[in-house]
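[1] Dropping a prediction and its sequence here:
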Amino acid sequence: MRISPKHSQRIAVTVMWAIAGLTLAVLAFIISYILWHGLRHITWTFLTEPPQSMGREGGVLPMIVGTLWVTGLAVLIAAPVGIAAAIYLTEYTREGRMTAIIRFGADCLAGIPSIIFGLFGFVFFVITLGMGFSILSGALTLALMVLPTIIRTSEEAIRAVPKSYRDVSFGLGSTRWQMVTWVVLRSALPGICTGVVLSIGRSISETAAVMLTAGSAMGFPHSIFESSRTLSLHFYILSREGISMSNAYATASVLILSILGINLFAYWLMRRFVAKAV
Amino acid sequence: MTQVLDIDQIETTGGEGPKVLVRGFGAAFGGNEVLRGINLQIRPRERLAIIGPASSGKTTFLRSLNRLNDLEHSFSHSGRILLDGQDIQGSDMDVAELRRRVGMVYAVPIPLPWSIYDNIAYGPRLAGIRDRYHLDEIVESSLKGAILWDEVKDRLRTLATNLSGGQQQRLCLARVLALEPELLLLDEPCSGLDPISTAKIEDAMLELKRKYSIVLVTNNTKQAARASDRTAFFFMGQLVECGPTRQVFTNPANQRTSDYITGHFG
């Protein structure tokens, strides 16, 4: 029996709608489940006090600070390196074996499980370089982890700048560097920012890699050479060791809300990017 | 095919040397030869039209004059191009400086996605001009030179990409004029434009000719006939004929020129 084109069209649309709906439903369920269990435990004290008795009581302020430090430092290290690599790959080399190898390397790096990064960070930064469990070790490890994302998204954004703009710029007597900074980066900036924001999200949510490098000290970090526990790791420990499920959910809620905020910001940037390109 | 020399020689320019002297110039992309044995001169303050069928090497020739072809890795060349007697491929030639002296307008108008003002001021800013007042002056005179000032003077801060096609092309002309080039290269600047915009560009060219040498590549033989002083006919990578426009169009020396102009091919 043959299905008429009209029917097959209808069936295809229905199936795709169902799949899209299912994806959204799962996301909505996870978020609402966690917020349902967590939001009611979030109080002003929870956000502004240090934890007491292993996190059973008190708040998560040191974890918020630690998360900001680790994530901020990681992105501050990875963004300039990644963007520079992307500029080099797109503007300063000819497509060839070398660029293919670099790109392949970046893709492989992106596929490595985070626990492996954690192990590498532990062996290299924590032990060999003697940085110990510290914000710096964690940030360096996370920087390596998000580097491929920043390189590839920046590369895409730079590649999306029309070749004709480069011709115009050269034609008006610019050097290559002037062309890159005045024309290419200016046009690619929203796309590059999107990649950076997405890697902020990835850094915030990372658990395994920071556990092995930044450590899990609960105190308030006073410098980047001290150990600090991030929000995601705090959540993991609270729930894994059954210390306090309500505080675990509250921590997860803080985490989810901040990632949600960051992703919305990324989408807003992307929308602006698209609107500008048209 | 024999090499064809530029028929009229230097004495007719009234003592002044040629602006550009091209000697035995050849160009290739990879193994693909695009231009061969080009001998040609461009005089001060003249409008030279280059006509010829598609893929005859016109655009490659034009892009050789400001070394824009160098951006293609597969590009190679032979022969020499002298600008005011100086070899543009020479090691003492600053490429950025050369491109400021030899301005180019492309077939498709390409405004950068900035304001009208920033588009015009881009070239001067690259060259290091920062003074606000000076830039204002350059923007105004350039837009006037391209006959666009009256249409945009009240909205210099709006996006250049919102202009109409004809206005965008005049903006691109103004952007080049802001560099005060000595030689102006126009690569089919009117190919996508309506007759009124075309007329405005041609008017601008007539005015600009007082100061600059202009090379106009065009697929429109009628435009070459009405908007140039001399015409060069390119065919399959070679210069077939070059002479005063009136002569090329009424009494061409070569049969192929005649065939092309009368529309037998191309």
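    Good, I have the coordinates.

[2] mind checking the backbone torsions on the nearest residue to residue B:197 once chain neighbours are set aside?
    Closest residue to residue B:197 apart from its sequence neighbours, by C-beta to C-beta, 6 or more residues apart in numbering or on different chains: residue B:166 at 2.7 Å. C-beta: built from backbone N, CA, C; applies to glycine. Backbone torsions of residue B:166, given as degrees, to the nearest 10, read phi -60, psi -40.

[3] Tell me the confidence at residue B:166?
    Looking at residue B:166, its pLDDT reads 89.

[4] how near is it to chain A?
    18 Å (C-beta to the nearest C-beta, to the nearest Å).

[5] residues contacting that residue?
    Residues in contact with residue B:166 (C-beta atoms under 8 Å, 6 or more residues apart in numbering or on different chains) are B:193, B:194, B:196, B:197, B:198, B:200.

[6] Quick check: the fifth one is in a strand.
    No: according to DSSP: H, G, I helix; E, B strand; the rest coil, residue B:198 belongs to no strand; its state is helix.

[7] separation between it and residue B:166?
    Counting by C-beta to C-beta, to the nearest Å, the gap from residue B:198 to residue B:166 is 8 Å.

[8] Then the first one?
    Between residue B:193 and residue B:166 the computed distance is 5 Å (C-beta to C-beta).

[9] can you check the third one too?
    Applying C-beta to C-beta, the value for residue B:196 to residue B:166 is 7 Å.

[10] For residue A:147, give its distance to chain B.
    From residue A:147 over to chain B (counting by C-beta to the nearest C-beta), the distance is 28 Å.

[11] Does that residue touch residue A:112 like I think?
    No: the criterion here is C-beta atoms under 8 Å, and residue A:147 misses it with residue A:112 at 11.2 Å.

[12] of all of the stretch 1-150 of chain A, which residue lies closest to chain B?
    residue A:94 (5.6 Å; C-beta to the nearest C-beta).

[13] Find the residue closest to that residue in space, skipping its chain neighbours.
    Per C-beta to C-beta, 6+ apart, closest to residue A:94 is residue B:73, 5.6 Å.

[14] can you check residue A:223 too?
    Per C-beta to C-beta, 6+ apart, closest to residue A:223 is residue A:135, 7.8 Å.

[15] cool, and residue A:78?
    residue A:143 (4.0 Å).

[16] burial count for the one you found?
    If you count neighbours by other C-beta atoms under 10 Å in any protein chain shown, residue A:143 ends up with 23.

[17] same thing with the one 4 residues further on?
    Close neighbours of residue A:147, defined as other C-beta under 10 Å, add up to 21.

[18] How about the residues of chain A by chain B?
    A:94, A:162, A:164-175, A:178, A:182-183, A:187, A:276 (C-beta under 8 Å from any C-beta of the partner chain).

[19] Can you give me the neighbour number for the residue nearest to residue A:94?
    Count around residue B:73 with other C-beta under 10 Å applied: 11.

[20] and what of residue B:22?
    With other C-beta under 10 Å as criterion, residue B:22 counts 21.

[21] Which secondary structure element is home to it?
    strand B:20-29 (DSSP states H and E).

[22] Can you tell me which of the contacts of residue B:166 is closest to chain A?
    Once C-beta to the nearest C-beta is applied, the member of the contacts of residue B:166 that ends up nearest chain A is residue B:193, at 17.4 Å.

[23] Would you check that the closest one makes contact with residue B:169?
    Yes: using C-beta under 8 Å, residue B:193 makes contact with residue B:169 at a distance of 6.0 Å.

[24] so what sits against both of the two?
    Going by C-beta under 8 Å, 6+ apart, residues that sit against residue B:193 and also against residue B:169 are residue B:201.

[25] where exactly do the helices run in the stretch 151-266 of chain B?
    Here the stretch 151-266 of chain B has its helices, by DSSP state H, counting those that start in this stretch, at B:165-177, B:195-208, B:221-226, B:245-250, B:255-261.

[26] Give the other helices and strands that the third one contacts.
    Using 3 or more C-beta pairs under 8 Å, 6 or more residues apart in numbering or on different chains; DSSP states H and E as the contact criterion, the neighbours of helix B:221-226 among helices and strands are strand B:47-51, helix B:195-208, helix B:245-250.

[27] and the stretch 151-266 of chain B, which of its residues are near chain A?
    Near chain A, when you scan the stretch 151-266 of chain B using C-beta under 8 Å from any C-beta, you find B:172, B:175, B:176, B:179.

[28] Make JSON lines from those residues and add distance to residue A:238 to it.
    Putting these into JSON lines (distance: C-beta to C-beta, whole Å) gives the following:
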{"residue": "B:172", "distance to residue A:238": "63"}
{"residue": "B:175", "distance to residue A:238": "61"}
{"residue": "B:176", "distance to residue A:238": "66"}
{"residue": "B:179", "distance to residue A:238": "65"}
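
[29] returning to that earlier point: return the most buried member of the helices and strands packed on helix B:221-226.
    Looking across the helices and strands packed on helix B:221-226 with neighbours counted as mean count of other C-beta atoms under 10 Å in any protein chain shown, the highest average goes to strand B:47-51: a mean of 26.

[30] Now do that one: which elements does it pack against?
    helix B:58-65, strand B:213-217, helix B:221-226, strand B:230-235.

[31] least reliable of these going by mean pLDDT?
    Looking at the helices and strands packed on strand B:47-51, the weakest mean confidence is helix B:221-226, a mean of 88.

[32] where does the residue lying closest to residue A:102 once chain neighbours are set aside land on pLDDT?
    Nearest residue to residue A:102 in three dimensions, chain neighbours excluded: residue A:89, at 6.3 Å (C-beta to C-beta, 6+ apart). pLDDT for residue A:89: 91.

[33] Report the secondary structure state of residue A:89.
    Quick answer, by three-state DSSP: residue A:89 is helix.

[34] Now do the contacts for it.
    The contact partners of residue A:89, by C-beta under 8 Å, 6+ apart, come to A:99, A:102, A:103, A:151, A:155.

[35] top of those residues by neighbour count?
    residue A:151 (27 neighbours).

[36] That one in helix, strand or coil?
    Under three-state DSSP, residue A:151 comes out as helix.
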